[in-house]
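Chemist: Kindly generate the corresponding structure for this input.
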Amino acid sequence: LANGVPRCFHVTAVSIDGFESNRSPLRADTPRPDARNVVLFALQAQTQGSGFRFWDDLNDDGAVQSQELGLVRDGTSNGIDFFVDRDGVGDLFLTPVRAGTGVEYYDENDPVADLTGIDFAEDRDYRTSGILAIPGYGYVFEMDGGDGFLRYGALRVTHVGETFIIMDWAFQTDPGNPELVVRSGGAKG
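Modeler: Sure, this is the predicted structure:
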């Protein structure tokens, strides 16, 4: 299945005698790209590599290409979705930058076991201020796509060091679609 293309399907099975089963329940899915083990530095430690943009339409064609996804950038740029900030006591924060970008914990009370545990990003009060980076916790981002549609991304912090974080990320390429999970039985593009 292609990333960002919603599909609806069901399956049947055929026995060795050639008999076909009833159809399974209808299933909808919208695959999305993701990446793991991305390192971002705290802005105060290193400006280059402290910012992140989920998607930047570099060729202005409105379509998402792989080279436009998961871009690690300078944390002082105003064209990033967020940067990693370190406060006076050494805590690291994910701080939104671009207008129309907000972040919130996926579940503020519990960590998520894996990036795939983050399924939807809608119906939240997204903050535009920094949010504490906690190992194992999931975060959802809502971003203005610049075309009248919102875009959604997910992030799971896997490690927080003194001057850097390691994270996994996912981005839904279907405009306005808040689905962020890769469903079992479906294909990840």
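Chemist: what pairs with residue 84 across the strands?
Modeler: Beta-bridge partners for residue 84, by DSSP bridges, are residue 42, residue 94.
Chemist: Would you mind measuring from it to residue 150?
Modeler: Distance, residue 84 to residue 150, using CB to CB, to the nearest Å: 23 Å. Bear in mind the C-beta positions are built from the backbone N, C-alpha and C, glycine included.
Chemist: okay, the two: which has more neighbours?
Modeler: For residue 84 versus residue 150, neighbours defined as other CB atoms under 10 Å are more numerous around residue 84 (29 against 17).
Chemist: Settle this for me: the more buried one is touching residue 75, isn't it.
Modeler: Yes: assessed by CB atoms under 8 Å, residue 84 is found in contact with residue 75 at 6.9 Å.
Chemist: Now for the two: what residues contact both?
Modeler: Counting by CB atoms under 8 Å, 6 or more residues apart in numbering, the common neighbours of residue 84 and residue 75 are 41, 43, 50-51.
Chemist: And those, which is closest to residue 98?
Modeler: Set against residue 98, the nearest of those by CB to CB is residue 51 (10.2 Å).
Chemist: I'd guessed the closest one sits against residue 74; true?
Modeler: Yes: counting by CB under 8 Å, residue 74 is a contact partner of residue 51 at 5.7 Å.
Chemist: Compare these two and say which is more crowded by neighbours.
Modeler: A count of neighbours by other CB under 10 Å puts residue 51 above the other of residue 51 and residue 74, at 25 against 15.
Chemist: Now do the shared contacts for residue 51 and residue 74.
Modeler: The contact sets of residue 51 and residue 74 overlap at residue 80 (CB under 8 Å, 6+ apart).
Chemist: right, and residue 40 touches residue 49 too?
Modeler: Yes: here residue 40 lies in contact with residue 49, judged by CB under 8 Å, at a distance of 6.4 Å.
Chemist: Overlap in contacts, the two.
Modeler: residue 72.
Chemist: the more surrounded of these two?
Modeler: Neighbours were counted for residue 40 and for residue 49 using other CB under 10 Å; residue 40 has more, 25 against 20.
Chemist: list the buried ones in stretch 123-136?
Modeler: Within stretch 123-136, the residues scored as buried using 16 or more other CB atoms under 10 Å are 126, 130-131, 133-134.
Chemist: Can you give me the first-to-last residue distance of it?
Modeler: End-to-end span of stretch 123-136 (CA to CA, to the nearest Å): 22 Å.
Chemist: That stretch: how far from the chain's middle?
Modeler: 13 Å (CA atoms, centre = their mean, to the nearest Å).
Chemist: quick one, strands of the protein?
Modeler: With DSSP state E as the criterion, the chain has strands at 7-9, 27-29, 34-41, 51-55, 69-73, 82-86, 92-96, 102-105, 131-132, 138-144, 150-160, 164-172.
Chemist: right, and those - which one's nearest residue 119?
Modeler: Short answer: strand 150-160, nearest of those by CB to CB, at 8.7 Å.
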